[in-house]
Every structure is written in structure tokens, then in C-alpha cells.
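**Q** Let's see this in three dimensions:
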Amino acid sequence: MKAARWYAAKDLRVEEIDEPDPGPGEVKIKVAWTGICGSDLHEYLAGPIFVPVDQPHPLSRGKAPITMGHEYCGTVSELGDGVDGLTVGDRVAIEPIFACGECQACREGKYNLCDSLGFVGLSGGHGGFAAYSVVPAHMVHKMPDELPMEQGAMVEPAAVALHAVRLSRIKAGDKAAVFGAGPIGLLVVEALRVAGAAEIHVVEPSEQRRTMAMELGATSAVSPGDTDAVAAIREATGSGVDVAFEVTGVPAVLSQCIDATTHEGQVLIVSIWESDAAFQPNTVVLKERQLKGTIAYRNVYPAVMALMVQGYFSAERLVTKRIKLDDIVEQGFEVLVAEKSQVKILVEASG
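**A** Sure, this is the predicted structure:
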């Protein structure tokens, strides 16, 4: 079968590999759609970040080259021994987290904070940029009948956004800012609407993405190249926002997020970073602000799909391009590098 495999930064190859077979407790998935994530793009441009290169990942036992892709969905095609609650033909979304189940965080049920955290398609395993994938049965979530298959590829990024908003201190009626209106930032805007935010101010250089942010319910959307974004937010809100979400991974933006919050405000850092970011600690200390990080999600897939049934996190709105697996480098990764107007690109699996 064909698969897109990461060998090194800027070296992603579509090649033939053996089709995987499910072992005990595992499920084989015929992949339908897989989204290209910002984390995938980081690995393509500047990796390895999550990809194990010299030593195998402790849970996946995989190392480069690995089959990429973790935002994916498909149809159950085969069940390994001992799998209950699923049948061949079920439409499913994959929750692609490797967790040990034994460390302190795992014992507390916070498996996304596992000491050995990994992701299918980043840390090894059978990623979604392929015709078939095999994953442990607990990673598989049945999709509601009301959702079209494409929505399954949006569950993973929407889960990132919903978990971030749930983890934040936002309350109904609060004011929020979202720095960065890429796919996750736009999904955070929608999750903030779900949470009842009264104002959502977006900072984003791409005009197309600003327009989409407004269509998804943002109160305002400013370009940091044309406007002092912090001043604009503070003028619009009176004293700053209650929570600012950092969704760019750009070092200079972190201090802007801090400055955009009111006293005792919170900055929720959602991005994965390629480099260090500096800020003046007094900007936090003197206003008793809070910085908090968030990674991935936990126990949120069912809620995400329930919200999708209500019309949130719509693939129809957020997907800007659909491509074939053979074209993943030129029409996928390279397009995302060159065209900041793109939001979510979905890759269709092939045999």
C-alpha cells in the first residue's frame, strides 16, 4: 500500500510499504481522510520534534522513517482478537495518543500528560497518510450517523481546541483573544462560542483567515502588520481580555498575549514550539497573571462529535483543499508553507 513517510526535515516520501495486520486488541482501519496538522508541518520544516530518530519511541517502538498522519478517520476493516464493541464497517475517528497507563499522570486519568506521551503518525505507529492503519481498539471512536465521513478528520484538531478552552479559566460572558487563526485558532474561536465568551478578538495576518474568523463568530479580527494588536484589543475591551490563547508558536507573540490580558488574566499556550520565546516576567508578576500550557486532549472526543452534530467545527467551512496521497508534498505541505490563506487540507487515502 502507499504511505507518506517522514525520513528527515523536508524529506517526506510517498512509497509502497506492507499493509499492516491487527494483533490482539487492535483494529485495522481503511483510511478515508487525513488532515495535515500544524504539528506535521513543524516536523516537515524543522523536525525532528516528536519523531524518534536515534532511539525507538518507548511505547510505539517505532523510529524514523515513520508513516505520518494523526488527524484521520475511516472504516473498520478487520478486528484483532479480543476486540468488543466494534464491527467491520463502523465509521470511526481515531484518537492517536500513545500513553503508558502506568505513570502518575496516567493513573490520574490525565493520559495526555503521560511521561512517555506519543502520537500515532508523529511518534511511530501506523499513521493516517496511508491506505490502512492499525491502532489499539481504545483509540477508535464510532462516529454518529449524522456526520459525513470528512468530519471524522476534523475531530482530532477540534478536540485540541475544545480541551484548550475547557482547561482555560474562561467563563460565560468573559472576553477572550485568539492570536493566530490557523486551523486550531479558528476551532478555538468556535469552542469559545460554545463556552459562552461574550467577546472574541482575533489577531491574524492572513486576510482570508481573518474573514473566516469573523464568519465563525469572532467579535473582531485585526492584522498585526497593520495595527498594534494589543492596543486594539485593550481599547475594544477597556482593560484587556480575561484569557488570551497563543496559537502561533511565534516567539514575539507570547509577550503580546500577556500584554493583551487584564490584571489576573490568563494566557493559554496551545502551540508546539520550534524555538525559545522570551518575555519579561514582571509583566506577569505585577498583574498577577497566569501562564498555562495545554497539550492535545483527554476524554473529549464524544463531546466534540456531539457538538459537530449541532453544526460546530464544520469541515464544509474549514477545509480549503482536498488532495490525493500522491500529491501530499507538492499540493499539501508546500502549499501550506506558501499560502497562508489555506486553513485545513485533507488528504484522501489511496491503495
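**Q** CA only for contacts and neighbour counts going forward, please
**A** OK.
**Q** low-confidence ranges in the stretch 51-200 of the chain?
**A** Across the stretch 51-200 of the chain, nothing is flagged by pLDDT under 70.
**Q** which residue ranges form the helices in it?
**A** Taking DSSP state H, counting those that start in this stretch, the helices of the stretch 51-200 of the chain run over residues 104-107, 149-152, 155-167, 183-195.
**Q** Include distance to Val134 when you put the ones you listed into TSV, please.
**A** Conversion of the helices of the stretch 51-200 of the chain to TSV gives the following (distance: least, C-alpha to C-alpha, whole Å):
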stretch	distance to Val134
helix 104-107	23
helix 149-152	16
helix 155-167	17
helix 183-195	26
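**Q** Export those helices as TSV, with columns for distance to Phe119 and mean neighbour count.
**A** Below are these laid out as TSV (distance: least, C-alpha to C-alpha, whole Å; neighbours: other C-alpha atoms under 10 Å):
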stretch	distance to Phe119	mean neighbour count
helix 104-107	15	14
helix 149-152	17	23
helix 155-167	11	25
helix 183-195	17	25
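**Q** so which of the ones you listed comes closest to Ala130?
**A** Closest approach to Ala130 among these is made by helix 149-152 (15.8 Å; C-alpha to C-alpha).
**Q** Convert the C-alpha atoms of the closest one to CSV, please.
**A** Provided in CSV are the C-alpha atoms of helix 149-152 (Å, rounded to 0.1, in the frame of the first residue of the first chain):
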residue,chain,number,x,y,z
MET,A,149,-17.0,11.0,6.8
GLU,A,150,-15.0,14.1,6.3
GLN,A,151,-16.0,15.3,9.8
GLY,A,152,-14.1,12.4,11.2
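**Q** tally of neighbours for Leu286?
**A** Residues lying near Leu286 (other C-alpha atoms under 10 Å) number 10.
**Q** Distance check, the residue sitting furthest away from the middle of the chain against Gln266.
**A** Residue farthest from the centre of the chain, counting by C-alpha atoms, centre = their mean, is Leu286 at 32.8 Å. The gap separating Leu286 from Gln266 is 13 Å, by C-alpha to C-alpha, to the nearest Å.
**Q** Please report how far Phe95 lies from Gln290.
**A** No, residue 95 isn't Phe; it's Glu. Glu95 is 29 Å from Gln290, by C-alpha to C-alpha.
**Q** same question, Ala277
**A** 16 Å.
**Q** what's the answer for Phe179, then?
**A** 17 Å.
**Q** Between those two, tell me which one has more neighbours.
**A** When neighbours are counted by other C-alpha under 10 Å, Phe179 and Gln290 differ, and Phe179 comes out ahead with 28 against 17.
**Q** Contacts only, for the more buried one.
**A** Contacts for Phe179 (C-alpha atoms under 8 Å, 6 or more residues apart in numbering) come out as Gly185, Val202, Val203, Glu204, Ala244, Phe245, Glu246, Val247, Thr248, Val253, Cys257.
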